[in-house]
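> I need the structure of the sequence given here:
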Amino acid sequence: MSSPFMRRAGVVFLLGALATVLLVPELFNLAQTLPFVIFAAFRPAVAVGLLILTGLTVVARRRCWPPALAVGLVAALVLGYVIVSRAIAGTAPEPGRTLTLLSFNVYDGHADVTALARTIGTQRPDLVVLIEAGEHYRQLLVPVVADLGYRSWTTGIPGGEDVEGILILAAPSLGNISAEPLYVGTKFHWIQVFGGTLGVTHVVAVHAAAPLPGQMRRWQADMRTLQRWCGPGSGPSILIGDFNATLDQSLLRSATSSCVDAAAERGRGLVATWPSRLPRWFGLQIDHVFTGGAIAPASLQILDLPGSDHRALLAQVIVP
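Now for the predicted structure:
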């Protein structure tokens, strides 16, 4: 009598434990190791997939409902937490001085220059941050938007590959600002923008390493570097760009614990920014705008621009 019950209970426990390891590797100290770091990045999609599999299993074989229920329960709890925390907008910030930012990974300089210039001309962002854009892409874009009065800087070098660079465009509205490359041991050279009407606010353009075999230590180091601007006690700051990490990865969350993710705060935290060839509901949100200090995100749009494997972010933030 007890043997079948014990076997069934064992199967329920085992499947529930496997689902928990897959969806919540942080509980087992596995969240920063391969392949669990990749599973964590796809957590919403994996949870949905497990829920669908659970439903199909119950319909096809009703005898299997207890173990399927264990998997489905874990998946539902995880998915419910993700949806509540990222798909529902928080309280709108108080009105104040608005700073508009456009961030876009231009895919090693292959993004359509005309379409990007048209977006810049229409939206007139105060600051444009272009990832994987070096001197080559700068020479293509700057003449097209010359009449808008933007100043430009890039971490790329003449003759270098665009993938190594970050290009900054600053509108005249920011006044006499400065932009300086950051040599903080990251895989790619980041760049910070400060001064002018930004006041004490520092804007840091980020391009982090990806959590892939052979790059895990580099990715972990890049994530921890974010604590300089989004750790406890940090001042007013904006981190923007391609982080190659999602909020489902615990290392990004801990490194930005004192900052707010604009997409999640404005209820857009489940819209994928990469790869752009896939539907918005499937993929990864690895491009971010984080705000720290007294800076609050007011809005965030995710734009499809041709020629890149990323989507662009257009954010408005309230600055002191």
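
> how near is Ala115 to Gln285?
Remark: distance between Ala115 and Gln285 (C-beta to C-beta, to the nearest Å) = 22 Å. (Each C-beta comes from the backbone N, C-alpha and C, glycine too.)

> Same question for Leu247.
Leu247 sits at a distance of 7 Å from Gln285 (criterion: C-beta to C-beta).

> partners of Ala170 in the sheet?
Leu127, Arg151 (DSSP bridges).

> What number of residues are in the vicinity of it?
24 (other C-beta atoms under 10 Å).

> That one reaches Ser178, doesn't it?
No. In this structure Ala170 lies outside contact range of Ser178 using C-beta atoms under 8 Å: 9.6 Å.

> what's the overlap in contacts for the two?
Contact criterion C-beta atoms under 8 Å, 6 or more residues apart in numbering; residues shared by Ala170 and Ser178: Val193.

> what's the span of stretch 174-189 from first residue to last?
23 Å (C-alpha to C-alpha, to the nearest Å).

> Kindly apply the preceding question to stretch 214-231 instead.
In stretch 214-231, first residue to last residue: 27 Å (C-alpha to C-alpha).

> And stretch 244-257, by the same measure?
End-to-end distance (C-alpha to C-alpha), stretch 244-257: 17 Å.

> Now it: buried residues?
Buried residues in stretch 244-257, counted by 16 or more other C-beta atoms under 10 Å: 244-256.

> And for stretch 196-207?
Buried residues in stretch 196-207, counted by 16+ other C-beta under 10 Å: 198, 201-207.

> Just put those residues in CSV and tack on distance to Val289 and pLDDT.
Converted to CSV, the buried residues of stretch 196-207 look like this (distance: C-beta to C-beta, whole Å; pLDDT from 0 to 100):
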residue, distance to Val289, pLDDT
Leu198, 15, 94
Thr201, 13, 93
His202, 14, 94
Val203, 10, 97
Val204, 11, 98
Ala205, 11, 98
Val206, 10, 98
His207, 14, 98
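
> residue ranges with poor pLDDT in the stretch 51-200 of the chain?
58-70 (pLDDT under 70).

> how about Val74, secondary structure?
Here Val74 is recorded as helix under DSSP: H, G, I helix; E, B strand; the rest coil.

> What helix or strand is the nearest residue to it once chain neighbours are set aside located in?
In this structure, Val74 finds its nearest non-sequential neighbour in Ala19, 4.2 Å apart by C-beta to C-beta, 6 or more residues apart in numbering. Element membership for Ala19, per DSSP states H and E: helix 2-23.

> correct me, but Ala294 touches Pro320?
Yes. If you go by C-beta under 8 Å, Ala294 and Pro320 touch, sitting 4.5 Å apart.

> shared neighbours of those two, anything?
With C-beta under 8 Å, 6+ apart as the test, Ala294 and Pro320 both reach Pro236.

> Export stretch 36-44 to CSV, keeping only CA atoms.
In CSV, the C-alpha atoms belonging to stretch 36-44 read as follows (Å, rounded to 0.1, in the frame of the first residue of the first chain):
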residue,chain,number,x,y,z
PHE,A,36,22.0,28.0,-14.8
VAL,A,37,22.9,31.7,-15.5
ILE,A,38,21.4,31.2,-19.0
PHE,A,39,18.3,29.4,-17.6
ALA,A,40,17.8,32.4,-15.2
ALA,A,41,18.0,34.9,-18.1
PHE,A,42,15.1,33.0,-19.8
ARG,A,43,13.1,32.6,-16.5
PRO,A,44,9.8,34.1,-17.7
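
> With that, I have no additional questions.
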